[in-house]
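Asker: The following comprises the amino acid sequence and a computationally predicted model.
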Amino acid sequence: ECGDCLAPAPVCAATEEPFETEWGDCSTYAPGEGNHAFCLEDEGLAVLKGGQVKSVRANTVCSECGDCLAQPVCAVTEEPFETTYGDCSTYASGEGNHAF
């Protein structure tokens with residue numbers, strides 16, 4: 001609204017297997033690496049969460065390209081996580097605590 005703010009980058013598509021094009025994996029798309037200039041062009045098959053196989057561009061899966069943010073990694077705890085507002089399931093997308 002202020003005109004100075006930038007929209008946050010979207011989260012990279014989640015894959016069930018490491019993403020790779022015929023030219024390399026995501027590490028080869030980092031700034032300074034040989035494939036970085038091809039983030040918008042190179043495509044590879046990705047096994048998305050849920051098992052859907054789809055051809056996607058490197059910039060939609062590889063955070064190294066800089067167009068999307070890496071999928072968050074949850075901490076492993078010995079006891080199930082729970083707050084006074086609910087357990088992890090209540091924070092999933094579409095659930096009441098998701099915005100928090």
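Answerer: Right, received. Where do you want to start? Computed from a prediction, not measured in an experiment: that's the story for all the values here.

Asker: So which residues of this structure form helices?
Answerer: 58-61 (DSSP state H).

Asker: Now do the contacts for the closest residue to residue 65 other than its chain neighbours.
Answerer: Excluding its sequence neighbours, the residue lying closest to residue 65 (Cβ to Cβ, 6 or more residues apart in numbering) is residue 39, at 3.7 Å. All C-beta spots, glycine's among them, are computed from the backbone N, C-alpha and C. Taking Cβ atoms under 8 Å, 6 or more residues apart in numbering, we find residue 39 in contact with 29, 57, 58, 59, 62, 65, 66, 67.

Asker: Turn these into CSV, columns for neighbour count, distance to residue 96 and pLDDT.
Answerer: Converted to CSV, the contacts of residue 39 look like this (neighbours: other Cβ atoms under 10 Å; distance: Cβ to Cβ, whole Å; pLDDT from 0 to 100):
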residue, neighbour count, distance to residue 96, pLDDT
29, 26, 37, 97
57, 19, 34, 96
58, 28, 35, 96
59, 19, 33, 96
62, 31, 32, 95
65, 22, 34, 96
66, 14, 33, 93
67, 17, 31, 94
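
Asker: out of these, what pair is the most spread apart?
Answerer: Farthest apart among those by Cβ to Cβ are 57 and 66. That separation is 13.1 Å.

Asker: Pull up the pairing partners for the helix or strand bottoming out on mean pLDDT in the chain, direction included.
Answerer: The helix or strand of the chain with the poorest confidence is strand 82-83; it has a mean of 82 (mean pLDDT, DSSP states H and E). Strand 82-83 has the following strand partners under DSSP bridges: strand 86-87 (antiparallel).

Asker: Go ahead and name everything in contact with the partner strand.
Answerer: 80, 81, 96, 97.

Asker: 7 Å instead?
Answerer: With contacts defined as Cβ atoms under 7 Å, 6 or more residues apart in numbering, strand 86-87 is touched by 80, 81, 97.
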